[in-house]
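Asks: curious how this folds, go ahead:
(2 chains)
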Amino acid sequence: MDAIILQILNGLDKGSAYALIALGLTLIFGTLGVVNFAHGALFMIGAFCAVTLNRLLTLSHQVVDETRTDFLGNPLKVDVPYVQDLFGESLGASIIDWSVPLAILFSIPVMIAIGVIMERGLIKHFYKRPHADQILVTFGLAIVLQEVIKQIYGANPIPTPAPDAFRGSFDFGVLLGFDPNAIIYPYWRLVYFAFAAVIIGAVFAFLQFTTFGMVVRAGMADRETVGLLGINIDRRFTIMFGLAAAVAGLAGVMYAPINSPNYHMGMDFLVLSFVVVVVGGMGSLPGAVLAGFLLGILESFASMNEIKSILPGIDQIIIYLVAIIILLTRPRGLMGRKGVMED
Amino acid sequence: MSKTTLTRRGVLKTGAVAGAGVALPTIFTASSARAFTNAPTGGSVTLGFNVPQTGPYADEGADELRAYELAVEHLNGGGDGGMLNTFSSKALDGTGILGKKVEYVTGDTQTKSDAARASAKSMIEKDGAIMITGGSSSGVAVAVQGLCQEAGVIFMAGLTHSNDTTGKDKKANGFRHFFDAYMSGAALAPVLAKQYGGDRKAYHLTADYTWGWTQEESIKAATEALGWETVETVKTPLAQTDFSSYIAPVLNSGADVLILNHYGGNMVNSLTNAVQFGLREKQVNGRNFEIVVPLFSRLMARGAGENIKGILGSTNWHWSLQDEGTKAFVKSFGTKYGFPPSQAAHTCYVQTLLYADAVQRAGSFDPCAVVEALEGGDSSLPGISSPANKGYLFDGLGNGQTLYRSADHQCFKDVLVVRGKENPTSEFDLLEVVEVTPVAQVWYEPDHPMFAGGSLGSCNPGA
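Replies: Below you'll find the model as predicted:
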């Protein structure tokens, strides 16, 4: 029982990341009709926003400490961050400690700008082209973005720790009446899940309760009619693209402490997120969220030893297996609408 | 009227084939004594450094490349000479190898066997490399060693720890200075039993390729011989980055020791996940839960940060050793790059020197002559009575007296058991040496079951 609860928890954080990326993917598909294969790269760039802010905050100058020596016996050079010069030692240190949450503020304008530039500069020109062309150009863009990040930050994962306050883990077992230490879950992963829930809620509220959101939904249903009513739907869709980029970026920022960011992390998530979108139903926002969590948790269950001893290697293929079964029984996905991708 | 179909592609193709045809014979006719692949003709000789510049072992690869560049500098008479001054063989004099200036080309193995073979092949065929060296993954090392055997060049393995490299996949043209998984088990198990008790229950997480398999087998055998029980062994994909779904089942398995048969980026992530899930604060069977990382490196310790403290493992070499060779190497590496070298850097630097020394002693770049020189005469390690105890004996390269055993081209030397330091005095001072395990304790016969099944075959000069 405790093992099962643990795997459900474990699936939640991965499911959160899948859901956030898939939400943006399906939002772009629903509004602009483009399958954006560069969406994983946006997730990766988000994580590197956290790395960049951390780097900026730890920019430092060297001070020679005569009392200590380095490994060669020379006087030790100590790095002192400029932030500590500006704000004093303890405040400076805690600003650096909180660099990942601070990166949320930093990443929103950056990601929206990248999203808008991507849409206006490149993807706009491919609306009237076949889906295959759109996939090729966005996939190419993803590779370009990856290589740019690799050029700047190198190929190695860069450790980006969470604030000290969130280190360590929470003992669920005691809460539920199990033995101490039976069900342990890291604080930051809980924070990630809560954060994802807030972002998903905010996106739905924005689409449901604002005039802007209403127009966008109307445009998703019938773009031509909304245009004929004299509404500039294209500009709103551009803003939605920027928003979807920001959602992917935020998912990346908060994911940085869970797994050290590297230039390839976007691709790992993109393929799975695309499967999530298809399973959830192309263009369906609730479907994407539901499928994200479903597949995240199933993936966790599949890596339990009890299951692997019956079906070896199942943890590597479970997601695709489930995708095949769902598409065979429900060809439009879990919550797909009629008429999407069927013309 | 007939139409000629002269296309740009056609012309290029014909040109390339013709060019290769003209160039090829010079490779075969280069040496007057005996033909061998890529015999150096001009005033320089090219070595091929094949290291992971991307992928989970990229950190190690970058440090290996630094060491190779330093070795080339020293061979050509630059810098302070490093371990050339402490090496027991005095054949090298800083004028290159056999008077030829040493040059090098590099390739990216990407920590993938096929990419590594492609880059090694290109360095041999296109750049004329006479020797290939590098590693950081045993899968890669075994693949490239096989390629070098076929191509007729020498392979000096870098960081590769699988038993198979000099076990069932050993080749006459291949040599390994680094220690192996069996030696890690033999050195580590007694220390584990002493520190953690003789009746522990172990859970293995293992990187799913040749190195992980042999390390799991070696550690399992060595710990079970001392009374430990193995609860479960789980293989994880090499490309895995989030290990949380593999760590979670450990919590309820009844195990009280987790053994991470992971290396490089893999190990940094799995250890971080294990610590995040509270394994180090856990009590099982009334005792503290322990984590063991059988193959340790300082670069990994840096990546894992705080998490490494107090964790036991083994290592081939560490910069804080106090012998003359180590001190000389740390000084020249540290002066050039500003930080101490890793064990990966050390083994690669040493391998380059050992190759150059063997060529110098043999008086020829011919791979078969080099093999003969590296296999040495009949010198042997003191204190070990075995018919296999013979090969090339040397000293002054940081590990004390070392034997390049002729039977399987594996180096035998002392092994270090290390622990993540609780109170580091600097960002490099991350490991402390717990025990220097004498070579006699890690010695094994060439026909040991874990190494059986392969044969060196005969050396291949290629061409």
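
Asks: so what's residue 167 closest to, chain neighbours aside?
Replies: Going with chain A. Nearest residue to residue A:167 in three dimensions, chain neighbours excluded: residue A:187, at 7.2 Å (C-beta to C-beta, 6 or more residues apart in numbering or on different chains). Any C-beta I mention is one placed from the backbone N, CA and C, and that applies to glycine too.

Asks: not quite, I wanted chain B
Replies: Nearest residue to residue B:167, sequence neighbours excluded (C-beta to C-beta, 6+ apart): residue B:451, at 3.5 Å.

Asks: in three-state terms, label residue B:49 for me.
Replies: strand (DSSP: H, G, I helix; E, B strand; the rest coil).

Asks: so what's residue B:367 up against?
Replies: B:36-37, B:152-154, B:173, B:459-462 (C-beta atoms under 8 Å, 6 or more residues apart in numbering or on different chains).

Asks: which of the residues you listed has the most neighbours?
Replies: Among the contacts of residue B:367, residue B:173 has the most neighbours (other C-beta atoms under 10 Å in any protein chain shown), with 30 neighbours.

Asks: ok, the residue nearest to that residue when sequence neighbours are not counted to residue B:168 distance?
Replies: Leaving out its chain neighbours, the residue that sits closest to residue B:173 by C-beta to C-beta, 6+ apart is residue B:149, at 4.7 Å. Distance of residue B:149 to residue B:168, computed by C-beta to C-beta, to the nearest Å: 14 Å.

Asks: compare the two (neighbour count), which wins?
Replies: residue B:149 (23 against 17).

Asks: what does the pLDDT read for the more buried one?
Replies: You'll see residue B:149 listed with a pLDDT of 94.

Asks: do the same with residue B:248
Replies: Reported pLDDT at residue B:248 in the predicted model: 83.

Asks: can you tell me the SS state at it?
Replies: Here residue B:248 is helix, with the state taken from three-state DSSP.

Asks: was I right about it contacting residue B:279?
Replies: No. If you go by C-beta atoms under 8 Å, residue B:248 and residue B:279 don't touch, sitting 10.4 Å apart.

Asks: quick one: contacts for the residue in the stretch 351-463 of chain B positioned nearest to chain A?
Replies: Going by C-beta to the nearest C-beta, chain A is nearest to residue B:428 of the stretch 351-463 of chain B, at 5.5 Å. The neighbours of residue B:428, taking C-beta under 8 Å, 6+ apart as the test, are A:71, B:298, B:319, B:339-340.

Asks: among those, which two are most distant?
Replies: Farthest apart among the contacts of residue B:428 by C-beta to C-beta are A:71 and B:298. That separation is 11.2 Å.

Asks: which one of those two has more residues nearby?
Replies: In terms of neighbours (other C-beta under 10 Å), residue B:298 is the more surrounded of residue A:71 and residue B:298; the figures are 25 against 19.

Asks: could you pull out the buried residues of stretch B:86-94?
Replies: B:86-87, B:89, B:92 (16 or more other C-beta atoms under 10 Å in any protein chain shown).

Asks: what's the answer for stretch A:311-331, then?
Replies: A:314-315, A:318-319, A:322-323, A:326.

Asks: can you lay out those residues as JSON lines showing secondary structure, distance to chain B and pLDDT?
Replies: Converted to JSON lines, these look like this (DSSP: H, G, I helix; E, B strand; the rest coil; distance: C-beta to the nearest C-beta, whole Å; pLDDT from 0 to 100):
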{"residue": "A:314", "secondary structure": "helix", "distance to chain B": "12", "pLDDT": "82"}
{"residue": "A:315", "secondary structure": "helix", "distance to chain B": "7", "pLDDT": "78"}
{"residue": "A:318", "secondary structure": "helix", "distance to chain B": "11", "pLDDT": "88"}
{"residue": "A:319", "secondary structure": "helix", "distance to chain B": "13", "pLDDT": "88"}
{"residue": "A:322", "secondary structure": "helix", "distance to chain B": "16", "pLDDT": "90"}
{"residue": "A:323", "secondary structure": "helix", "distance to chain B": "19", "pLDDT": "90"}
{"residue": "A:326", "secondary structure": "helix", "distance to chain B": "22", "pLDDT": "90"}
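
Asks: in CSV: these, plus distance to residue A:207.
Replies: What follows is the buried residues of stretch A:311-331, written out as CSV (distance: C-beta to C-beta, whole Å):
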residue, distance to residue A:207
A:314, 37
A:315, 35
A:318, 31
A:319, 27
A:322, 27
A:323, 26
A:326, 25
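
Asks: which two of those residues have the greatest separation?
Replies: The span of these, defined through C-beta to C-beta, is set by A:315 and A:326 at 18.5 Å.

Asks: stretch A:286-294 close to chain B?
Replies: No. Stretch A:286-294 stays clear of chain B (C-beta under 8 Å from any C-beta of the partner chain), getting no nearer than 15.0 Å.

Asks: okay, that stretch in PDB with CA atoms only?
Replies: Output in PDB follows, covering the C-alpha atoms of stretch A:286-294 (Å, rounded to 0.1, in the frame of the first residue of the first chain):
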ATOM      1  CA  PRO A 286      -8.700  19.500 -20.100                       C
ATOM      2  CA  GLY A 287      -7.700  16.400 -22.100                       C
ATOM      3  CA  ALA A 288      -4.100  17.400 -22.100                       C
ATOM      4  CA  VAL A 289      -4.000  18.000 -18.400                       C
ATOM      5  CA  LEU A 290      -5.800  14.700 -17.600                       C
ATOM      6  CA  ALA A 291      -3.600  12.700 -20.000                       C
ATOM      7  CA  GLY A 292      -0.500  14.400 -18.600                       C
ATOM      8  CA  PHE A 293      -1.200  13.200 -15.000                       C
ATOM      9  CA  LEU A 294      -2.500   9.800 -16.200                       C
END
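
Asks: measure residue B:439 to residue B:164 for me?
Replies: Look at residue B:439 and residue B:164: by C-beta to C-beta, they are 21 Å apart.

Asks: oh sorry, the question was meant for residue B:405
Replies: 16 Å.

Asks: what average pLDDT does stretch A:178-194 get?
Replies: Regarding stretch A:178-194, the rounded mean pLDDT is 83.

Asks: next, the distance between the ends of that stretch.
Replies: 24 Å (C-alpha to C-alpha, to the nearest Å).

Asks: which parts of that stretch count as buried, going by neighbours?
Replies: For stretch A:178-194, a neighbour-count test (16+ other C-beta under 10 Å) marks A:178, A:181-193 as buried.

Asks: so of the contacts of residue B:367, which ones are in strands?
Replies: If you go by DSSP state E, the contacts of residue B:367 have residue B:154 in strands.

Asks: list just the nearest of the contacts of residue B:367 to residue B:139.
Replies: Closest to residue B:139, out of all of those and judged by C-beta to C-beta, is residue B:173, at 18.5 Å.
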